[in-house]
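1. Please work out how this folds:
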Amino acid sequence: MNSINDFTNFCKRLEGFIHVFQSGDPDPLSFMHKKQLNAWKALLNNELTGKSKTQIHVREVARNFASKIRKVAGNETLFLTVLIYAISRVPKITYETFYADLTKWSESTHFPKSLHDQASSLWNEPGNRPSVQQEANNHRLSSRTTAQTTGDAHLRNPTTTNEEIESRIAPNKPLEIAFLVPPDSLDAFYKLHKDSLASQQHSAILTIPTQDRVASLVLSIPRTEAVSQGDRFGLPMIFNSESPSV
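-> A predicted model of the protein is given here:
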């Protein structure tokens, strides 16, 4: 969002959803929009716990963006905005007068009652939920407690491996998030696979398509190391299970 044209197009998309609520349909939103709305409600009304460092960052950026939208333009504009953007796809605002212009747009726009009623229940009042800063502090405290607990266990049993500790911290879960690894970063991730005893217990997976296309090689590496290296290299996100596409 870096120009007046971007802002104008954004407002047109907001107005498009206003027309949806003016249609008189008692249930105007599609299944995918409802799913995205529920994902935002969960983010805005709950603590950011039990997530990876990368996902915490993505969700904090989204929470801060939503907070600023509501502060300058109200619940209705925020409600329309979260129908447009998934949690992992909020825009980077470089257009200097974006928030000031959005305030003016919101003040001059008539919102249907049906939209107002739904928007008022999107986000609880700030007093009823922890702030972003509080949640960040809680997350850091939780991380320190987990590290201390696993560290104490390691002292009691010096033969405990990093992979065993890893399995206790992060039990098996479905795929949450996926990143694209560029060729110049492959060596670092291959080294993680070679250096991990737990990873060596699993075979690599080679997938060869029926058509004349590129085959895929999948290597096992410890989850916490994957998160750490993902943050280090700033890998581009290509999938997020909590952010449905619309």
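2. tell me the contacts of His110?
-> Neighbour list for His110: empty [criterion: CB atoms under 8 Å, 6 or more residues apart in numbering]. Where C-beta positions appear, they are placed from N, C-alpha and C, glycine not excepted.
3. Report the separation between it and Ile18.
-> As for His110, its distance to Ile18 is 8 Å (criterion: CB to CB, to the nearest Å).
4. which other helices and strands contact the helix or strand encompassing Leu37?
-> Assigned by DSSP states H and E, Leu37 belongs to helix 31-45. Applying 3 or more CB pairs under 8 Å, 6 or more residues apart in numbering; DSSP states H and E, one finds that helix 31-45 contacts helix 53-84.
5. can you give me the angle the helix it packs on makes with helix 31-45?
-> 130 degrees (axes from the mean of the first three to the mean of the last three CA atoms, to 10 degrees).
6. Show me which residues of helix 53-84 are buried.
-> By 16 or more other CB atoms under 10 Å, the buried positions in helix 53-84 come out as 54-56, 58-60, 62-63, 65-67, 69-70, 72-84.
7. and what of stretch 15-23?
-> Buried residues in stretch 15-23 (16+ other CB under 10 Å): 17, 20-21.
8. residues making contact with it?
-> Against stretch 15-23 from outside (CB under 8 Å, 6+ apart): 28-29, 80, 83-84, 109, 111-112, 114-115.
9. ok, so of those residues, who is nearest Asn46?
-> Leu83 (19.6 Å; CB to CB).
10. Just to check, the closest one is in contact with Leu37?
-> Yes - using CB atoms under 8 Å, Leu83 is in contact with Leu37, at 6.5 Å.
11. Identify the contacts common to the two.
-> With CB under 8 Å, 6+ apart, Leu83 and Leu37 have common neighbours Leu29.
12. picking up where we left off before, name the member of the contacts of stretch 15-23 that has the highest neighbour count.
-> Leu80 (26 neighbours; other CB atoms under 10 Å).
13. where's it relative to Leu217, distance?
-> Distance from Leu80 to Leu217, by CB to CB: 44 Å.
14. One more: His110?
-> For His110 relative to Leu217 (CB to CB), the value is 56 Å.
15. try Leu122
-> For Leu122 relative to Leu217 (CB to CB), the value is 44 Å.
16. When those two are compared, which one has more neighbours?
-> Shown here are Leu122 and Leu217; by other CB under 10 Å, Leu122 has more neighbours (18 against 11).
17. how about the nearest residue to that one, chain neighbours excluded?
-> If the residues on either side of it in the chain are set aside, Leu122 comes closest to Phe79, at 5.3 Å by CB to CB, 6 or more residues apart in numbering.
18. quick one, what contacts that neighbour?
-> Phe79 neighbours (CB under 8 Å, 6+ apart): 115, 118-119, 122.
19. tell me which of those residues is nearest to Ala42?
-> For the contacts of Phe79, the minimum distance to Ala42 (CB to CB) is 11.2 Å, reached by Leu122.
20. I'd guessed that closest one sits against Leu78; true?
-> Yes - Leu122 is in contact with Leu78 according to CB under 8 Å; the separation is 6.6 Å.
21. what ranges do the strands span in this protein?
-> Ranges of strands within the chain are 177-179, 205-207, 216-218, 237-240, based on DSSP state E.
22. mean pLDDT for these: which is lowest?
-> Lowest mean pLDDT of the strands of the chain: strand 237-240, a mean of 58.
23. I'd like the distance between Ala66 and His19.
-> Taking CB to CB, one finds Ala66 at 23 Å from His19.
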